[in-house]
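J.: Fold the following and give me the result.
(chains A, B and C, ligands or ions: 3)
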Amino acid sequence: MSTLLTYISVNDGKIKRSSLEVLSRCNELADIHNLTSSALIIDKDASNISEQLKAYGPSVIYTIENPVFKNHLNTPLLKALSLAVHSIKPLVVAFASTESTKDILGALSANLGAASLSDVSEFELTETGVKAKRPVMASKIVSSVESSDRLTLFTVRSGSYDVSLKTAETKVENIPFSFNDEELKITLKEIITASSDKVDLSEAETVIAAGRGVKDEEGRKLVEELASVLNAGIGASRALTEAGVYDPSLQIGQTGKVVSPQLYIGIGISGAIQHVAGMANSKVIVAINKDSDAPIFDIADYGIVGDLYKILPPFIDELKKVKSEK
Amino acid sequence: MDEKFDCIIVGAGVAGLAAAMILARNNLKFLLIEKGEFPGSKNVSGGVLWGSDLAKLVPKYWEEDAGWDRFINHRRLTFMDEQSAFSVDFKSAHFNETPYTGVVVLRSKFDRWLADKVQEAIDSSDYAMDSFIATNILVEEVLMDNGKAVGIRTGEEKFYADSVIIAEGVNNLLTRQVGLQDTYVPADHILTGVKEIIRFDQKVLEDRFQLNGRSGMSNEFVGYCTDGIEGGGFLYTNKDTISIGLVLGLKDLREKEKAPYDILNTFKQHSVISDIIRGGEVVEYSAHVVSSGDTRLMPEKLYKEGLLICGEAANLLINTGKAIQGMDYAMRSGIIAAETIIKAKESSDYSETSMKRYQDALENTYVMKDINNFQDAVHLLHDPVMTQKLPNLLCDFGRNFFSIKNEPTPKSRDMLRGAIKRHSSYWELMKVGFKGYRAL
Amino acid sequence: MKFYVCIKQVPDVNAPLQIKNGQLIQDTDRNSLNAYDASAVEAALVLQEKHGGEIVAVLIGPDKAKETIRKAMAMGADSGVFIHSETDTYYDSYSYAQMLAAYFKNKEFNYIFCGKQSQDTDAGLTGSMLAELLGLPYVTNAVGLEFSGDVLLVRRQGDTGQEVIELPSPGLVTCSNDMNDPRIPNLKGIMQSKRKPVESVTSDELQAALSAVKTKILGYEEKPGREAGKKYEGEADEIARQVARILDETENVI
Ligand SMILES: Cc1cc2nc3c(=O)[nH]c(=O)nc-3n(C[C@H](O)[C@H](O)[C@H](O)COP(=O)(O)OP(=O)(O)OC[C@H]3O[C@@H](n4cnc5c(N)ncnc54)[C@H](O)[C@@H]3O)c2cc1C
Ligand SMILES: Cc1cc2nc3c(=O)[nH]c(=O)nc-3n(C[C@H](O)[C@H](O)[C@H](O)COP(=O)(O)OP(=O)(O)OC[C@H]3O[C@@H](n4cnc5c(N)ncnc54)[C@H](O)[C@@H]3O)c2cc1C
Ligand SMILES: Nc1ncnc2c1ncn2[C@@H]1O[C@H](COP(=O)(O)O)[C@@H](O)[C@H]1O
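T.: Numbering: from 1, shown residues only, chains lettered A, B, ... in the order given. Ligands and ions are numbered 1, 2, ... in the order given. Next up, the predicted model:
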C-alpha cells in the first residue's frame, strides 16, 4: 500500500510542532484515501526521537541516524532523503516549512525528478498528485496549485493544521546510511546562534513583534517585560533586524518567519505587506501605533492608537494584574 | 558619452514627455529625467486630457488599446446642496468622432505608455544610443553659468547641455531656484486635489453610466461637495474604475481647519454620490497640489538663456468649473518648448531673445489666450456665491419645481423668486451674473 | 572570477490587483526586478569591487522583461543574457531551473547567484534545483558573503542561527534581501547600461531540456478576509488597560 511520508523536523532533540501538524494532516488523508501515513526522522538521535513520535500514530517510523546530522547541512540531508525516498517509495513527501527544509526542497525535487510545492497552507490528494493552496503576491492572495507528478514533495506553513494524537500500531524501521566527509563539498565553519533558550517563534502561542517605533533601550525593555509577562516569543520587523537591534532569525514576514500564534501584538510596526505576510494568520492581532492611519490597523482586531512608551507601561501593569488574579 | 546633450528635460510628466517626443522626432540628442520610479508613478490627476493635441504626439492613438481609457461623449455639471443635485447634462454623438476632444487617462498607465512611444521615437532617431529616458533620478539643481542654463546636477553627478527644459510640475522648486518664481508662494491661489479610484465590475460600470464601447462620462460638481470650502468636485469614468475627487482651496482649508480626506468622505456619502458609487471598491487614494490657473501665480518670464519652463511648473492650467485643463496645456507648452529648442539649435542661438520665442508662441495659442480670457471665471469659481449660494438656490428651486404635491402649484417664476430670497438676493445674483457673463 | 546572477522580472506586489473569474489581473502591469535578485546583483557588485571579476545577468522572460536586464546593468553588471520565452505565466520553478541548467551546461564560471525566492510566488525553489541539475554545491538564504582566499564564505540564515559555510568554486548561492540594500542606479549607470552587450538566446534549444511542467496554477482567490477590528484612541492609560482586560475576558488569550 502506498504511503504518505512526513519528514519530521527536529530541533535540539525535540520534534517541531509544525511537523506534527503536517503528520496529523497526512494521517487524516491516509484514512480518507485508504493509504498509510508514515514518518521519517533524519537525526543524530533518530531512534530516541522516534519514541516521542509514536503518540502521533504513523504506521511506520523510518529512521536515518548519523552523527553528520548534528547540524543542518544540505549535502548529507539530500543524500539521506534521496535514499529514503528510493527505498520507501512514498506517494508524497510532506515537510514542515523551515529554513532547513526550504534549503533542500528544490534540490531534492531536481534530484528525484519530482514535483515540488513550497510553503502551502492547505493540501489534499488528487487522482494524479497533490492539490494545494499557497499564498502569493506577498500573501495578498491565495493561489490553487496542482502537481501532476507521481511523486510530489511539499513544505507546509506552520499553523496550517491542528496536531492530533493517534493510537496505532507503529513500526520503527532503520534505513542504513553512511556518509564520508569527502562527500560533503561544503563545510560548516561556524554557527552564530541567536541568544538561546528563547521561545521558538514559529511555535509560540503568543508573539510580541517590535518595529521601528521601538527606538531605544527603554523601548526594548518594555517589549521584553511584556513578553515575559505573557511568556511570549519576541519577533521583529525587518526595520529592526536590519538595524541589528534584533537577531535576524527573529524577523517575521515574507523574508523571515511565518507565525500564527493565538495572540500577536505588534508594537511600533506600520504593517507593510511584507511583514503582514508573516503574521496575518494570527488568531488575535493587537497593534500599538501612534499613527492612526498605519496599515496594520486594517488587519488588527484591537488597534491601540498611541505612543508605545505611554501605552506599554499601563498595558503591562494591567496584564500583570490579570495574571495575578488567575 | 560624456559629451554634451542638446537638451536636458527635467520631469517626465505630460509636458516633459511631449517635449521629448518632438526632440526625438527631430533628431536631437537629449536626456529626459524623472524622479519617480517610472513615468507616471508620482502623478495624480483626475484624468481628462482635453482637446486633440494628443493626436499630434501619437497619431491615431485611438487605434491602440492602451494608455488611454475612454473618450468623453457625455458631460454633466452638477450643483449640489446637502440633499439634492441639480445637473446640466449634455451628451452628443458629435463627440464620438475622432480625433476625440476629451480622453480619460490614468496617469500611472498613460505616462508610461507615452514614455514607451517616446522611447520608440528615440530608437528610430539618429541618437538611438545617446538619448535617454532616465527614471528614479532626482534633479537637484539646474547648473547656471553667467545667467545661462548649462546643465543639471543630481547627487554628485553633473550633466551638461545646450539647453534645459524644466517640466517639473506644480512643485516647481527648480523654477524657483533659477529665479523665475518667488520662493514664497502664497497659499491663496493654490489648491489641493484629492482623488480616489473606485473599481467596479466593468459591465456594472458601463450599465450604470450608460457607456457604450469606449465612451465615457465626465461630471463636475459645485456646492455642498466641498463642504463650504472653495473649489469643486469631479468624477470621470475610466475603463472599469471611476476617478472621484475634489479640488480644494488650500488657504480656505487651513482657515476653516478642515481635512481634504474628510470632505471627500462627506462628498461620497451624499445620497446622489453614494448611489453612483455603490458596490465599488476603493483601490487607490492620492492627493496632490494643483494650481488654480490664477495668473497672479504665473511667472512673468518663462525662459532664461538656454532655459524654458513648461507645463504646470509655469502654472499653465485653468480651472473654470466646467473642466480642469492642465494636461493639454502641459502637452502643448512642451511641444512649443521643444520646437523652440530645435530652432535654437539650427541657429546655435540659445540667447534670451531666442528663448523668448517660446513665450511669444505660447501667447498665440489657446493656452495663454484662454488663461487670459477666462481669469474672471477662475475668480468666480472662488466666489462663495458661486460655490455655496447658487448651488443651494438651484437645488431649492429644483426641489420645488420637480415635486408634485396635490396642492395648487405656484408658477415656476415664483418658485425661483422664493429660492432666490431664501439663499441670496437679486442684487448678489446680478453681480455674479454680470461677472459670469463677462467671464464666459 | 566570473559571476552569473540569475534575475527575474516580477509583477510589482505593491500595485493594486484584482481577481476576476479566478484569474489574477494586474491593473497597471507594473513589473520590477525581483527584490531578492537585486540583492544578489548588489552582492556580486560588492565582491567585484573588492576582488575584481565579471558579472553577467541572466534572465528568462518575454520581451517586456528586457528592461529588467538593463536595470541590473545600470546597477553595474557587465553584460546580460536574455533568454526569450513567450510567456511568463505558464512555467514553474522547475521549468526555469531546467532551462537555466541547459544554458549553463557548457559555461565556465565561479559562482552563480540567485535570489532566494521570487517576490510574487515566494517559491524559493529555482536556485537549489539549478544547483542540483548542474551538480554544484550550494547555499541558500545567504545573508552575508565574503571571500577567504578564492573560496566564498557564506553566512546563511538557518533555523536557530546563522551558519557560516565555506562554498568552493564553482558553486551556487541564493541571496536573501536581508544581505544588503541594493543600490539605485545613478544616471551614469543608466546611460552606460545602454551600451552594455546583451546576448540573446532563443529558448527553443533550451526548451528541449524541458520535461513536462510539473506544477500548474489552477486559479486565484481572495484570502479569507480579515476585517479591521476596533480602534482605541484617547487617554493612554485608559485604553491600554481596557484592551488588556478584553484580551483576557473576551478573547481569553492571556
Ligand atoms: C522583498 C521584501 C521582503 C521583505 N520582507 C520583510 C519581512 O520578512 N519582514 C518585515 O518585517 N519586513 C519585510 N520587508 C520590509 C517591509 O516592507 C517594511 O519596510 C518593514 O516591515 C517596516 O518595518 P516597521 O513597520 O518596523 O517600520 P516602519 O514602516 O518605519 O513603521 C514604524 C511604525 O512605528 C510607528 N511608531 C513610531 N514611533 C512610535 C511610537 N513612539 N509609538 C507607537 N508607534 C510608533 C510609526 O507610526 C510607524 O507606523 C520586506 C521588504 C521587501 C521589499
Ligand atoms: C486631483 C487633480 C485632478 C486633475 N484633473 C485634471 C484633469 O481632469 N484634466 C487635466 O487636464 N488636468 C488635470 N489636473 C492637472 C494636471 O494633472 C496637471 O496640470 C498636469 O499633470 C501638469 O503636467 P506637467 O507635465 O506639467 O507636470 P506633472 O504631470 O506634474 O509632471 C511633472 C513630473 O516631473 C517630475 N519631477 C518633478 N521634479 C523633478 C526633479 N527635480 N527631478 C526629476 N523629476 C522631477 C515629477 O515626478 C513628475 O513626474 C488635475 C490635477 C489634480 C491634482
Ligand atoms: N525566469 C527567470 N530567469 C532568471 N532567473 C530566474 C527566473 N526564474 C527564477 N529565477 C531565479 O530563481 C530565483 C527565484 O526562484 P523561485 O522562487 O523558485 O521562482 C530568482 O531569484 C532567480 O534568481
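J.: need the contact list for A:His33.
T.: Going by C-beta atoms under 8 Å, 6 or more residues apart in numbering or on different chains, A:His33 touches A:Leu125. All C-beta atoms are positioned from the backbone trio N, CA, C, and that covers glycine.
J.: I'd like the distance between it and chain C.
T.: 20 Å (C-beta to the nearest C-beta, to the nearest Å).
J.: So for that residue, what's the pLDDT?
T.: Predicted confidence (pLDDT) for A:His33: 95.
J.: Run a quick check on A:Leu29 versus A:Glu122, I expect a contact.
T.: No: here A:Leu29 does not reach A:Glu122: they are 11.4 Å apart, not a contact under C-beta atoms under 8 Å.
J.: The two: who's more crowded?
T.: A:Leu29 (19 against 15; other C-beta atoms under 10 Å in any protein chain shown).
J.: Which secondary structure state does that one sit in?
T.: The three-state label given to A:Leu29 by DSSP: H, G, I helix; E, B strand; the rest coil is helix.
J.: show me what contacts the closest residue to it other than its chain neighbours?
T.: What sits nearest to A:Leu29 in space, not counting adjacent residues and going by C-beta to C-beta, 6 or more residues apart in numbering or on different chains, is A:Leu125, at 5.7 Å. By C-beta under 8 Å, 6+ apart, A:Leu125 lies in contact with A:4, A:29, A:33, A:91-92, A:131.
J.: What is the nearest of those residues to chain B?
T.: Of all the contacts of A:Leu125, chain B sits closest to A:Lys131, with 28.5 Å by C-beta to the nearest C-beta.
J.: following the longest strand seen in chain C, which helix or strand comes up?
T.: Ranked by residue count, the top strand of chain C under DSSP state E comes out as strand C:138-148. Moving toward the C-terminus from strand C:138-148, the first helix or strand encountered (DSSP states H and E) is strand C:151-157.
J.: What helices and strands are in contact with that following strand?
T.: strand C:138-148, strand C:161-167, strand C:171-175 (3 or more C-beta pairs under 8 Å, 6 or more residues apart in numbering or on different chains; DSSP states H and E).
J.: all strands for the stretch 201-326 of chain A, in order.
T.: Listed in chain order, the strands of the stretch 201-326 of chain A (DSSP state E, counting those that start in this stretch) span A:206-210, A:233-236, A:263-267, A:284-289, A:302-305.
J.: follow-up on the earlier one: okay, the helices and strands packed on strand C:151-157, which one's buried deepest?
T.: strand C:171-175 (a mean of 28; mean count of other C-beta atoms under 10 Å in any protein chain shown).
J.: what stretches of the stretch 1-150 of chain C score poorly on pLDDT?
T.: Across the stretch 1-150 of chain C, the ranges flagged by pLDDT under 70 are C:88.
J.: roughly how far apart are whichever residue of it sits closest to ligand 1 and C:Thr68?
T.: Per C-beta to the nearest ligand atom, C:Ala35 is where the stretch 1-150 of chain C lies closest to ligand 1, at 3.6 Å. For C:Ala35, the distance to C:Thr68 equals 12 Å [C-beta to C-beta, to the nearest Å].
J.: re the thing from before, from C:Thr215, how far out is the residue nearest to A:Leu29?
T.: 15 Å.
J.: for B:Lys4, same thing?
T.: Shown here: B:Lys4 relative to C:Thr215, a distance of 54 Å by C-beta to C-beta.
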